[in-house]
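A.B. asks: Need a 3D model of the following:
(one chain, ligands or ions: 1)
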Amino acid sequence: MRILVTNDDGIEAEGIRHLALVAAQFGTVKVVAPDRERSACGHAMTMRDPLRVKETDFHGLEGYIVNGLPVDCVNVALTVAWPDGCDLVLSGFNNGPNLGFDATYSGTVAAAMEGRINGIRSIALSMCVFADGAPFHYETGSKWLEENWGWLTALDLPELTFLNVNVPALAWPEIEGHRFVAMGRRVYEDRVERREDPWGRPYYWQGGVVVMRPDMVGTDVWAVTNGYVSVSPLSLDWTNAEALARLVSGAKAAT
Ligand code: MN
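C.D. replies: Sure, this is the predicted structure:
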């Protein structure tokens, strides 16, 4: 199996090392990742600047460092590392959750989206740490992936569908298993904070307090909050079929 491993935390991040080393047990891994952290860049791509690629030894695996975004890494990988294509794109392990609407901001998820757009089975994986300074427990993510690799990489998914996996940052014995779940609700409140620099000029810092809805049973937020690894099939087709049908039938009624 030909595997591309990437991330949005940069090639030096701890998570991508764990991910690549698990994947290497199951196939040929090539790591193509950003030269620095690019979290929360979403599905952006570099179009106005040249992309530079530097070959590297990634803990014994073939590696490439790219001065671009996760989407750039996937596309550069399909030109430089795997010109004849590959069978699997893995993105992660992200150093934080990608639950609910996080998926729309996430560079980790965007890399999986780009893999799927290229027709490749793609999985985004994130470690759900909720407190600053708490351990990431990448070894738990690694063990879960290792134990579930078989079915995870053989799932029969519809076209344009990829997987978003979130692993609770817990020690392995505390993991309750995994659940197939929908995208939940995780939003930021009071998100822009006004501060002042030493000269009294205002500046703004974006982040805010996270509000989650763990009460929404059957969602990723619910699963992870209850100690389960969440596995969510997400679609690149953003069309709301129900709303579309309503609009079309409404338009017919009006004519
Ligand atoms: Mn990240």
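
A.B. asks: in stretch 211-229, what counts as buried?
C.D. replies: 212, 214, 219-225, 228-229 (16 or more other Cβ atoms under 10 Å). C-beta: built from backbone N, CA, C; applies to glycine.

A.B. asks: now those residues as TSV including distance to residue 205 and pLDDT?
C.D. replies: Below are these laid out as TSV (distance: Cβ to Cβ, whole Å; pLDDT from 0 to 100):
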residue	distance to residue 205	pLDDT
212	21	92
214	27	94
219	29	98
220	27	98
221	25	98
222	30	98
223	31	98
224	26	98
225	27	97
228	33	98
229	32	98
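
A.B. asks: what about the strands in the protein?
C.D. replies: Applying DSSP state E to the chain gives strands spanning 2-6, 28-34, 53-58, 61-66, 88-94, 121-128, 161-168, 177-180, 186-189, 192-196, 202-206, 209-212, 228-235.

A.B. asks: and residue 168, how many neighbours does it have?
C.D. replies: For residue 168, the count of nearby residues is 25 (other Cβ atoms under 10 Å).

A.B. asks: With residue 155 instead?
C.D. replies: When counting by other Cβ under 10 Å, one arrives at 12 neighbours for residue 155.

A.B. asks: any idea how far residue 78 is from it?
C.D. replies: Distance from residue 155 to residue 78, counting by Cβ to Cβ, to the nearest Å: 22 Å.

A.B. asks: just residue 206 next, same as before
C.D. replies: Residue 206 is 33 Å from residue 78, by Cβ to Cβ.

A.B. asks: Looking at these two, which is more packed in?
C.D. replies: residue 78 (20 against 9).

A.B. asks: isn't the more buried one right up against residue 84?
C.D. replies: No - using Cβ atoms under 8 Å, residue 78 is not in contact with residue 84; the gap is 9.2 Å.

A.B. asks: tell me the contacts of the residue in the stretch 101-250 of the chain that the ion sits nearest to?
C.D. replies: Of all residues in the stretch 101-250 of the chain, residue 108 sits closest to the ion, at 5.5 Å by Cβ to the ion. Taking Cβ atoms under 8 Å, 6 or more residues apart in numbering, we find residue 108 in contact with 7-9, 39, 70, 91-92, 94, 98, 124-126.

A.B. asks: Output those residues as JSON lines; include the columns pLDDT, neighbour count and distance to residue 255.
C.D. replies: Formatted as JSON lines, these follow (pLDDT from 0 to 100; neighbours: other Cβ atoms under 10 Å; distance: Cβ to Cβ, whole Å):
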{"residue": "7", "pLDDT": "98", "neighbour count": "33", "distance to residue 255": "51"}
{"residue": "8", "pLDDT": "98", "neighbour count": "32", "distance to residue 255": "47"}
{"residue": "9", "pLDDT": "98", "neighbour count": "23", "distance to residue 255": "52"}
{"residue": "39", "pLDDT": "96", "neighbour count": "19", "distance to residue 255": "48"}
{"residue": "70", "pLDDT": "98", "neighbour count": "34", "distance to residue 255": "45"}
{"residue": "91", "pLDDT": "98", "neighbour count": "36", "distance to residue 255": "46"}
{"residue": "92", "pLDDT": "98", "neighbour count": "31", "distance to residue 255": "49"}
{"residue": "94", "pLDDT": "98", "neighbour count": "30", "distance to residue 255": "49"}
{"residue": "98", "pLDDT": "97", "neighbour count": "31", "distance to residue 255": "43"}
{"residue": "124", "pLDDT": "98", "neighbour count": "32", "distance to residue 255": "43"}
{"residue": "125", "pLDDT": "98", "neighbour count": "29", "distance to residue 255": "49"}
{"residue": "126", "pLDDT": "98", "neighbour count": "31", "distance to residue 255": "47"}
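
A.B. asks: what would those look like in a markdown table with distance to the ion?
C.D. replies: Conversion of the contacts of residue 108 to a markdown table gives the following (distance: Cβ to the ion, whole Å):
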| residue | distance to the ion |
| --- | --- |
| 7 | 7 |
| 8 | 4 |
| 9 | 4 |
| 39 | 3 |
| 70 | 9 |
| 91 | 10 |
| 92 | 9 |
| 94 | 4 |
| 98 | 8 |
| 124 | 10 |
| 125 | 11 |
| 126 | 8 |
